[in-house]
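A.B. asks: kindly generate the corresponding structure for this input.
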Amino acid sequence: MCCNARPGIPPSLDLPSSALQAPTSNTFAGLVHASKQAVNELSSSHRPPQSLFLVSKAVYLGWMEQNGGVIVNVGADFERGNPGMGHNGAARAGQTNFTYTASVEWAHSGVRINSVIPGFIASSGLDRYPERAHDVLRGVKARIPLKRHGTESEIAAAIVYLLSDAAAYVTGISLRVDGGLHNYGKSTFYEVPDHDRSKPFNGFPLYKRPKVLE
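C.D. replies: You can find the predicted model right below:
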């Protein structure tokens with residue numbers, strides 16, 4: 001399949017929202033739509049790129065263009081593909097690319113834009129996966145160099161850092177909070193020994209571990 005580019009090179013602010021969903025465009029949404037009609041049912045309730053673009057554009061034009069600001073997006077790792085969840089991988093790739101692009105186009109307004117890429121996080125969302133996925137969710141620790149799931153607090157801490165003045169010179173990055181999972185996935189000749197040396201950070205007193213991990 002070949003998806004040709006649309007004529008012209010408009011900056012992000014000049015793009016209509018339809019550019020993120022037109023079936024004939026070269027965007028991720030258009031590619032997925034053309035690839036499989038059933039994806040329409042999934043994207044109707046799961047549209048991170050379109051909602052990300054619309055919200056970011058609104059806050060930029062409404063405030064940040066004149067006053068500056070910081071945007072932090074939360075995405076997902078897509079660089080090695082996403083078998084079984086292709087619609088999500090395509091969407092997250094577009095989300096991250098928008099982060100990179102807008103960080104350049106909006107820099108002159110004093111706006112920083114970054115992205116956080118979580119790994120396997122022990123949140124209540126894990127309990128929403130079908131039962132057939134439970135063994136994978138429990139056993140994924142073996143693939144993670146830190147040998148554990150991440151916590152919601154560790155994702156929140158990364159977001160707080162990127163929003164803070166301590167990150168004043170950081171823009172246009174994807175910060176992985178995944179216990180080393182992405183890099184270990186590329187390793188062929190080394191196996192991380194099992195260990196319990198990585199202690200989780202938990203700053204939420206009301207946190208409850210998901211039932212699937214108990």
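
A.B. asks: just want the most central residue of this protein.
C.D. replies: What sits nearest the mean C-alpha location of the chain, by CA atoms, centre = their mean, is residue 75, with 0.8 Å.

A.B. asks: that one is in contact with residue 114, isn't it?
C.D. replies: No - with contact defined as CB atoms under 8 Å, residue 75 does not count as touching residue 114 (10.4 Å). C-beta: built from backbone N, CA, C; applies to glycine.

A.B. asks: now do the shared contacts for the two.
C.D. replies: 99, 174 (CB atoms under 8 Å, 6 or more residues apart in numbering).

A.B. asks: isn't residue 153 up against residue 206?
C.D. replies: No - the pair residue 153 and residue 206 does not pass the contact test of CB under 8 Å, sitting 11.3 Å apart.

A.B. asks: neighbour-wise, which of those two wins?
C.D. replies: A side-by-side neighbour count of residue 153 and residue 206, using other CB atoms under 10 Å, places residue 153 first with 15 against 4.

A.B. asks: buried set for the helix or strand encompassing that one?
C.D. replies: Per DSSP states H and E, residue 153 falls inside helix 152-163. Neighbour-count burial for helix 152-163, counted by 16 or more other CB atoms under 10 Å, picks out 152, 154, 155, 158, 159, 162.

A.B. asks: so who does the third one touch?
C.D. replies: Think residue 155. Per CB under 8 Å, 6+ apart, neighbours of residue 155: 74, 116, 118, 121, 177.

A.B. asks: quick one: the nearest residue to the first one once chain neighbours are set aside from residue 165, how far?
C.D. replies: Beyond its immediate neighbours in the sequence, the residue positioned closest to residue 74 (CB to CB, 6 or more residues apart in numbering) is residue 116, lying 5.1 Å away. In this structure, residue 116 lies at 18 Å from residue 165, with CB to CB, to the nearest Å as the measure.

A.B. asks: and what of residue 58?
C.D. replies: Noted for residue 58: a distance of 24 Å to residue 165, by CB to CB.

A.B. asks: could you do residue 144 as well?
C.D. replies: Here the criterion is CB to CB. By it, residue 144 lies 31 Å from residue 165.

A.B. asks: where do the helices sit along the chain?
C.D. replies: 28-35, 39-43, 48-59, 65-67, 86-105, 134-139, 152-163, 181-184 (DSSP state H).

A.B. asks: format the ones you listed as TSV; extra columns: distance to residue 169.
C.D. replies: Formatted as TSV, the helices of the chain follow (distance: least, CB to CB, whole Å):
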stretch	distance to residue 169
helix 28-35	30
helix 39-43	36
helix 48-59	21
helix 65-67	19
helix 86-105	12
helix 134-139	37
helix 152-163	12
helix 181-184	24
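
A.B. asks: wait, which of these is closest to residue 210?
C.D. replies: Nearest to residue 210 among the helices of the chain is helix 134-139; the distance by CB to CB comes to 8.5 Å.

A.B. asks: what are the C-alpha coordinates of the closest one, in CSV please?
C.D. replies: Below are the C-alpha coordinates for helix 134-139, written out as CSV (Å, rounded to 0.1, in the frame of the first residue of the first chain):
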residue,chain,number,x,y,z
HIS,A,134,-3.8,-12.1,32.3
ASP,A,135,-0.9,-14.5,32.2
VAL,A,136,1.0,-12.1,29.9
LEU,A,137,0.3,-9.2,32.2
ARG,A,138,1.6,-11.1,35.2
GLY,A,139,4.6,-12.6,33.4
